[in-house]
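1. quick one, what's the 3D model for this:
(4 chains)
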Protein chains: 2
Amino acid sequence: MRRVLEVALEQLAAHGFERLSVPEVAALAGLNKTSVYRRWPTKADLVREALAASMGHTAEALDSGDLRADLLALARTAVVFVESPSGLAVLRTLLAEGANPEVKGLAAAMLHQQGIIGPALVFARAIARGELAQDTDVTLVLTTLAGAIMHRILIEQTPVTEHFLTALIDMVLFGVKRR
Amino acid sequence: MRRVLEVALEQLAAHGFERLSVPEVAALAGLNKTSVYRRWPTKADLVREALAASMGHTAEALDSGDLRADLLALARTAVVFVESPSGLAVLRTLLAEGANPEVKGLAAAMLHQQGIIGPALVFARAIARGELAQDTDVTLVLTTLAGAIMHRILIEQTPVTEHFLTALIDMVLFGVKRR
DNA sequence: CTATAATGCAACCAAGAGTTGCTTTAAGGA
DNA sequence: TCCTTAAAGCAACTCTTGGTTGCATTATAG
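-> The predicted structure follows:
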């Protein structure tokens, strides 16, 4: 039974939500499709549970007293998530099927649960600490960091190295700190 | 007949390649599906022609003598493309259906034709001019700029304002120029 | 006015998602 | 060991949808 969720996740990552076929998942898991339909009446139910089962650990908030260190740690956990099957699945789905509301809520909830919120706190503290200017455009920085990482993973399809991460964060931090 | 291509493009942008239905496109265009199937035997044929018909104008290389100005101009034309129906369609499709080879070649060709190459030249000239250090990590900068813009459009689904563009480029350029 | 090409149309086929009713298997308790 | 019950299997069916085909209709041009 656990096998079904694994297969569903694989299929989701491989083909996206739309092309995912419940009967096929059942077949690949060695089950009869009726068994699967019995437990998960809709495709969304199945996918939801598969995604939920694949995470469990949320990123805890960090506070090392240094923005760079906090960001690096945050980025590392984010990358681990985004490079994981479920992370890839969520992102791909969110990007591709941004229209489909059924999917959109599902994926967005996932991203939130996964602590894509943490960063806001980290920046707030950096500003309170005086490390960043009061009027820092936090949104811009977040967009930039997240965008670069996703571009690297989804489009260039290149693994995110530690070197890339430090270079990226150093560049952006340098750019944002003195303006 | 031209109407079919327009509708196909809309549908592609709205639902992605996989969910695009030829019969539905025909209906929306006020044609009988047989007429459409006659001219474009496969979905890929239809989409290919729809995309091809929607572009035509490629970004010409820029050389204002100032990296910031060149980048801004380049980014603006890139944004125009990415925010256009065909651009959105290509990107969404490329991201979502990166697996599907049929689609992959189609989308990749489009991106290339659209001059996502230009930036390399611009940076080469900036380095030759001495505006950037010899060992500048051009790839990182490109990844960052492209990623931020795509994140903004595809995930945040917020239009790219002039203000966002200048803030982004200023931040990144500042970060990369002195290190 | 007629020949030819383009379009419409209705019927059909095939595949795949999801449903249903019933049978079989498994497991646990008396 | 047998009986009860829950879970899984299975086959048949429905319904939707993509795609095909043969033929009728319209239009265009020589």
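2. now the helix or strand where A:Leu168 lies against helix B:162-177, angle please.
-> Assigned by DSSP states H and E, A:Leu168 falls within helix A:162-177. Put simply, helix A:162-177 runs at 120 degrees to helix B:162-177, going by axes from the mean of the first three to the mean of the last three CA atoms, to 10 degrees.
3. near chain B at all, helix A:162-177?
-> Yes: using CB under 8 Å from any CB of the partner chain, helix A:162-177 reaches chain B at A:164, A:167-168, A:170-176. For the C-beta atoms, the positions are set from N, CA and C on the backbone; glycine is no exception.
4. chain neighbours aside, what residue packs nearest to A:Phe17?
-> Once flanking residues are discounted, A:Phe17 sits nearest to A:Thr93: 4.9 Å by CB to CB, 6 or more residues apart in numbering or on different chains.
5. centre of the chain to the strand or helix carrying that neighbour, how far?
-> Following DSSP H and E, one finds A:Thr93 within helix A:85-96. Remark: helix A:85-96 is offset 8 Å from the chain centroid, using CA atoms, centre = their mean, to the nearest Å.
6. list the contacts of the nearest residue to A:Leu5 once chain neighbours are set aside.
-> Sequence neighbours aside, A:Ala50 is the residue nearest to A:Leu5 in space, at 4.3 Å (criterion: CB to CB, 6+ apart). Residues in contact with A:Ala50 (CB atoms under 8 Å, 6 or more residues apart in numbering or on different chains) are A:4-6, A:8-9, A:12, A:86.
7. please identify the buried residues of stretch A:21-39?
-> Within stretch A:21-39, the residues that qualify as buried are A:22, A:25-26, A:28-29, A:31, A:36-37, counting by 16 or more other CB atoms under 10 Å in any protein chain shown.
8. close to DNA strand D, is that stretch?
-> Yes: judged by CB under 7 Å from any atom of the strand, stretch A:21-39 comes into contact with DNA strand D through A:30-32, A:34-35, A:38-39.
9. from the contacts of A:Ala50, pick the one nearest chain B.
-> The shortest gap between chain B and any of those belongs to A:Leu12, at 11.7 Å (CB to the nearest CB).
10. for the strand or helix carrying that closest one, packing partners?
-> Under the criterion of DSSP H and E, A:Leu12 resides in helix A:2-19. The criterion is 3 or more CB pairs under 8 Å, 6 or more residues apart in numbering or on different chains; DSSP states H and E, and the helices and strands that helix A:2-19 contacts are helix A:22-28, helix A:43-53, helix A:85-96, helix B:2-19.
11. try it again with 10 Å
-> On a contact count with 3 or more CB pairs under 10 Å, 6 or more residues apart in numbering or on different chains; DSSP states H and E, helix A:2-19 meets helix A:22-28, helix A:33-39, helix A:43-53, helix A:85-96, helix A:101-113, helix B:2-19, helix B:85-96.
12. does chain B sit close to the first one?
-> No: figure legend: helix A:22-28 not in contact with chain B (CB under 10 Å from any CB of the partner chain); closest approach 14.8 Å.
13. quick one on the thing from earlier: give the rounded mean pLDDT of the helix holding A:Thr93.
-> The average pLDDT for helix A:85-96 rounds to 75.
14. quick one: the helix holding A:Leu168 to chain centroid distance?
-> That offset, for helix A:162-177, works out to 20 Å (CA atoms, centre = their mean).
15. okay, buried residues for it please.
-> By 16+ other CB under 10 Å, the buried positions in helix A:162-177 come out as A:164-165, A:167-177.
16. how close does A:Leu62 get to chain B?
-> 22 Å (CB to the nearest CB, to the nearest Å).
17. run through the residues that contact that residue.
-> In this structure, A:Leu62 makes contact with A:69-74, A:77, A:118-119, A:121-122, A:125, judged by CB atoms under 10 Å, 6 or more residues apart in numbering or on different chains.
18. most neighbours among those, which one?
-> A:Leu71 (25 neighbours; other CB atoms under 10 Å in any protein chain shown).
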